[in-house]
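Enquirer: Quick one: sequence and predicted model below, then my questions.
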Amino acid sequence: MPSYQNILSNRYTLARSWTLEVAERAGAYQQARKALTSMTPDQIKAEVKAANIRGRGGAGFPAGMKWGFLAPKKEGQEVYLVINADEGEPGTFKDRTIMEKDPHRLIEGCIIAMYAIGAHKCWIYVRCELVLSIARLEAAIREAHARGFLGARPFGKEHALDIHVHPGAGAYICGEETSLLNSLEGKRGEPRLKPPFPAVKGAFGMPTIVNNVETISAVPDVVAMGGEAWSNISLLPPEMKDGGTRLYGISGHVKRPGVYEAPVGITMRELIYDFGGGMLHPDRKLKGVIPGGSSTPVLREQDKVEAKDPKHPLNKWHGKSHLDLPMAVDTYRGIGTMLGTCCAIVMDTSVSMVEASRNLMKFYAHESCGQCTPCREGTGWLANVLDQIAAGKGKPSDVDLLVDISNNMMGNTICALADGTAMPMLAFVRKFRKEFLEAAEKGLPQSARLDEAIRSQLVRREAA
Ligand SMILES: Cc1cc2nc3c(=O)[nH]c(=O)nc-3n(C[C@H](O)[C@H](O)[C@H](O)COP(=O)(O)O)c2cc1C
Ligand code: SF4
C-alpha cells in the first residue's frame with residue numbers, strides 16, 4: 001500500500017475519534033480559533049482560492065471561485081452555508097466516513113467557512129439513511145456548543161454561529177443542490193432553473209453557498225498550511241489548478257474495497273492495484289471501471305490517451321492507458337469521462353455490461369423527478385429498451401435506439417441528472433457495442449445477473 005500522508009483522515013484511526021475530547025487533543029478547532037481570532041474573512045477566502053479545491057461533490061467546481069460569486073449582502077439579508085451530505089450517488093461512500101469518524105472536522109470547516117462568507121447559519125443536509133452520521137453530527141454540534149465554539153460568541157468573536165442537521169428524505173435528486181434547497185425549505189425536492197445560482201438566490205431566497213462535506217472538511221487544513229502549500233500536495237502541476245488531497249473510494253471486484261486518502265493525481269491503476277489490493281479473482285481480468293460514481297462514463301484499460309498535439313494539456317500522457325492518467329477533474333474530462341465523486345466501481349470480465357447498464361438505467365428512471373420530458377421519458381425508455389434486450393425480446397436496431405434516446409437527453413434538461421444518465425449509457429454502448437448487439441439478438445442468460453460485489457454498489461432500493 002502506498003504511504004501518502006493522511007491529512008483529511010488523520011484522526012480516523014483514533015479510538016472514539018468522533019468525540020470532542022479525542023478530536024481536540026489531536027488538533028481539532030485550532031484552525032477555527034486561528035481563523036476567527038487572527039484572520040479576516042478576505043484572508044480566509046484568499047487562502048481557499050489559492051488552495052485550488054475542486055468541489056468534491058461531483059462537478060469539480062473550484063470552491064474559492066464559488067465563494068467569490070456570493071452576492072453582496074443587502075440590508076435585511078442573510079447569507080447561508082449549506083452542506084451537501086446527501087451522498088446518494090451509487091458507488092459513493094466517502095462523505096459518511098468524515099461524518100462518522102471525524103464530525104468535528106466538518107464542523108470546524110463550517111465554522112471557518114461561515115465566518116469567511118459572512119454567514120451565521122448553516123444546515124447540513126444529510127441523507128436520512130445515514131443514521132450514524134446524523135447521530136454523530138448532532139452529538140458533535142452539542143459538544144461544540146457546550147465548549148463555546150458555536151453560539152453567540154464563538155472563540156470570543158462577535159459573530160454568532162449556528163449549525164443544524166437536516167435529515168433528507170432519501171431521494172437521489174435531493175443531492176442536486178437546488179433540489180436540496182427546495183427540500184430544505186419543505187418543498188418538493190425538484191431542481192430549480194439556474195440562473196439564479198444559489199450564491200445569488202439560494203436557501204429561503206438568500207445568497208447561499210452549497211458545498212460538499214469533503215470540500216468544507218478540507219478548509220481547516222487549508223488554514224493550517226496556507227492555501228498554496230495545501231494545493232501543492234497534489235501530484236499535478238500547479239497550472240492544472242486541482243489541488244490538495246482527497247478521499248478515493250473503491251468498490252466492486254477488488255480485494256480491499258474502501259475509502260483511502262491520497263493526493264489528487266494518483267492513477268486509477270494505483271487506486272485499483274495498490275490501494276484496492278488488485279482484482280478480487282486473480283483469474284479474471286479488469287473489464288471496465290466506472291471512475292467516479294455511477295454518472296461517470298466507464299473506462300477501459302485498452303483505451304489510450306489521444307493528445308498528440310504538444311500544446312494539448314494531456315500531451316504528456318499521450319499514448320498511455322486511461323488507467324495511467326492522473327485522476328483529476330480536467331484530465332478525466334479530457335478523455336470523455338468525469339472524476340465525479342472519485343469513487344470507482346471496478347468490474348471484472350464476469351460482468352455483463354448490458355446488465356450493469358440496465359440496473360443503472362432503472363435506478364435513474366426511478367430517481368428522475370419528472371419535470372423535464374427528455375429526462376422523465378428518456379430514463380424510462382432506456383430502462384425499457386434494456387429490459388427488452390435482457391429478456392430476449394430485443395433487436396439489433398435497439399442498440400442505436402439507446403444511443404438516440406441518450407443523445408436527445410443531453411443538454412436538454414433543468415439539471416444534470418439527465419446528462420449523468422445519458423453520458424454513461426453512451427459510453428457503455430460505444431465501448432461494449434458488440435456485447436449489446438449480441439444481447440439484442442440472443443437476450444441475456446440468467447448467469448448475467450450481477451454478483452453481490454457489483455449489485456451492492458449499482459443497485460439501489462426499487463431499482464433492482
Ligand atoms: C442528480 C444529482 C445528484 C447529486 N448528488 C450530490 C450529492 O449527493 N452530494 C454532493 O455533494 N453533490 C451532489 N450533486 C452535486 C451538487 O449539485 C453540487 O454540485 C455540489 O453539492 C456542490 O458542492 P461542491 O462544489 O463542494 O462539490 C449532485 C448533482 C446532481 C445533478
Ligand atoms: S433533468 Fe430529470 S431530475 Fe433533473 S429536473 Fe429534469 S426531470 Fe428532474
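Expert: In hand now; what should we look at? Ligands and ions are numbered 1, 2, ... in the order given.

Enquirer: Asn84 falls within a strand, correct?
Expert: Yes: Asn84 forms part of a strand when assessed by DSSP: H, G, I helix; E, B strand; the rest coil.

Enquirer: Arg105 and Arg11 touch, don't they?
Expert: Yes: using C-beta atoms under 8 Å, Arg105 is in contact with Arg11, at 7.1 Å. For every residue, glycine as well, the C-beta is placed using N, CA and C.

Enquirer: which residues do these two both contact?
Expert: 23, 28 (C-beta atoms under 8 Å, 6 or more residues apart in numbering).

Enquirer: between these two, which one's more packed in?
Expert: Arg105 (32 against 19; other C-beta atoms under 10 Å).

Enquirer: ok, now which ones touch the residue nearest to Ile53 when sequence neighbours are not counted?
Expert: With C-beta to C-beta, 6 or more residues apart in numbering as the criterion, Ile53 has its nearest non-adjacent residue at 4.3 Å, and that residue is Ala63. Contacts of Ala63 were listed using C-beta under 8 Å, 6+ apart, and they are 48, 51, 53-55, 211, 215.

Enquirer: now swap in Gly292 and tell me
Expert: 58, 332, 337-344.

Enquirer: repeat that with 10 Å
Expert: If you count contacts by C-beta atoms under 10 Å, 6 or more residues apart in numbering, Gly292 has them with 58, 60, 89, 91-92, 248-249, 327, 329, 332, 337-345.

Enquirer: go on, Leu236?
Expert: Counting by C-beta under 10 Å, 6+ apart, Leu236 makes contact with 52, 242-243, 263-265, 326-331.

Enquirer: Of those residues, which is the most crowded?
Expert: Within those, most neighbours by other C-beta under 10 Å means Gly243, with 29 neighbours.

Enquirer: what secondary structure does that one sit in?
Expert: What three-state DSSP gives for Gly243 is coil.

Enquirer: Show me what from the stretch 51-200 of the chain comes close to ligand 1.
Expert: Residues of the stretch 51-200 of the chain found near ligand 1 (C-beta under 6 Å from any ligand atom) are 55-59, 61, 63, 84, 86-89, 173, 175-177.

Enquirer: Can you select the buried ones from the residues you listed in PyMOL?
Expert: Selecting in PyMOL just the buried members of those, where the criterion is 16 or more other C-beta atoms under 10 Å, is done with this command:
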select buried, resi 55+56+57+58+61+63+84+86+87+88+89+173+175+176+177
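
Enquirer: Quick check: the farthest pair among the residues of the stretch 51-200 of the chain next to ligand 1?
Expert: The span of these, defined through C-beta to C-beta, is set by Ala63 and Ile173 at 23.0 Å.

Enquirer: tally of neighbours for the spatially closest residue to Phe69 that is not a sequence neighbour?
Expert: Residue nearest to Phe69 in three dimensions, not counting chain neighbours: Ala199, with 4.2 Å by C-beta to C-beta, 6+ apart. Applying the criterion other C-beta under 10 Å, we find 19 residues in the vicinity of Ala199.

Enquirer: May I have the secondary structure class of Ala199?
Expert: Each residue gets one of three states, and Ala199 gets coil by three-state DSSP.

Enquirer: Tell me if I'm right that it and Ala119 touch.
Expert: No: at 11.8 Å, Ala199 and Ala119 do not qualify as touching, with contact defined as C-beta atoms under 10 Å.

Enquirer: Overlap of the contact sets of those two?
Expert: Residues touching both Ala199 and Ala119 (C-beta under 10 Å, 6+ apart) are 70, 79, 207-209.
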